[in-house]
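Chemist: Build me a model:
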Amino acid sequence: METLATLTARHAGPGRIDWIGLRPERLAGITAVDSAHLRDAGLEGDHARPGKRAVTLIQAEHLPVIAALAHIDAVAPETLRRNLVVSGLNLSALRGKQLQLGEAVIEITIPCAPCSRMEAALGPGGYNAMRSHGGWCAKVLTPGALSIGAKVTPT
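Modeler: Next comes the predicted model:
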């Protein structure tokens, strides 16, 4: 019988970066880009928080769930104000683990809770639609370049 440690360390395969967004200042709109450089304090060109909240990630698989719970047709990544949309990996299973994103390495730290602005962005109930689906914050361990389509691999 396999141990819990063995099971939690195994993933079906690598994920990928599907979308990258930059916020030049705190309340500014999001600009989608094809590539970016991840520095110690977050994505270059982004208003980031150094440390455990330097970069934010959300799973592509959660976008339709959020839309369904908010009773809307679809949710665009920029609406949710996260930096990276990734697919193919369960980010919740990677809390406290390291991920290679292109040339960069991050550590998934804490859940990225929704803010009250989601009520305006998604409509009434938007805040609750994002609860447990709001994504994750991460700290940067190794700066580097990343781009859409880059592999996301647990290290």
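Chemist: roughly how far is stretch 69-86 from the heart of the chain?
Modeler: Distance of stretch 69-86 from the chain centroid (Cα atoms, centre = their mean, to the nearest Å) equals 11 Å.
Chemist: Pull out the buried positions in it.
Modeler: Of the residues in stretch 69-86, 69-70, 75, 77-86 count as buried by neighbour count, 16 or more other Cβ atoms under 10 Å. Placement of C-beta: from N, CA and C, glycine included.
Chemist: ok, those residues vs Leu57, which is closest?
Modeler: The nearest member of these to Leu57, counting by Cβ to Cβ, is Leu84 at 4.6 Å.
Chemist: partners of the most centrally placed residue in the chain in the sheet?
Modeler: The residue lying closest to the centre of the chain (Cα atoms, centre = their mean) is Leu57, at 0.7 Å. In this entry, Leu57 is beta-bridged to Leu84, Trp136, by DSSP bridges.
Chemist: Same question for Thr153.
Modeler: Assigned bridge partners for Thr153, using DSSP bridges, are Gln100.
Chemist: residues contacting Trp136?
Modeler: Thr56, Leu57, Ile58, Leu91, Ser92, Leu94, Arg95, Ile108, Thr109, Ile110, Pro111, Cys112 (Cβ atoms under 8 Å, 6 or more residues apart in numbering).
Chemist: Tell me the one of those residues nearest His133?
Modeler: Closest to His133 out of those is Ile58 (7.8 Å), distances taken as Cβ to Cβ.
Chemist: tell me the contacts of the closest one?
Modeler: Pro77, Leu80, Arg82, Leu84, Val85, Val86, Leu91, Cys112, His133, Gly134, Gly135, Trp136 are the contacts of Ile58 under Cβ under 8 Å, 6+ apart.
Chemist: can we see that at 10 Å?
Modeler: 18-19, 66, 75, 77, 80-86, 91, 112, 130, 133-136 (Cβ atoms under 10 Å, 6 or more residues apart in numbering).
Chemist: Number of residues surrounding the residue nearest to Arg26 when sequence neighbours are not counted?
Modeler: The shortest distance from Arg26 to any non-neighbouring residue, by Cβ to Cβ, 6 or more residues apart in numbering, is to His47 (5.3 Å). Around His47 there are 13 other residues, counting by other Cβ atoms under 10 Å.
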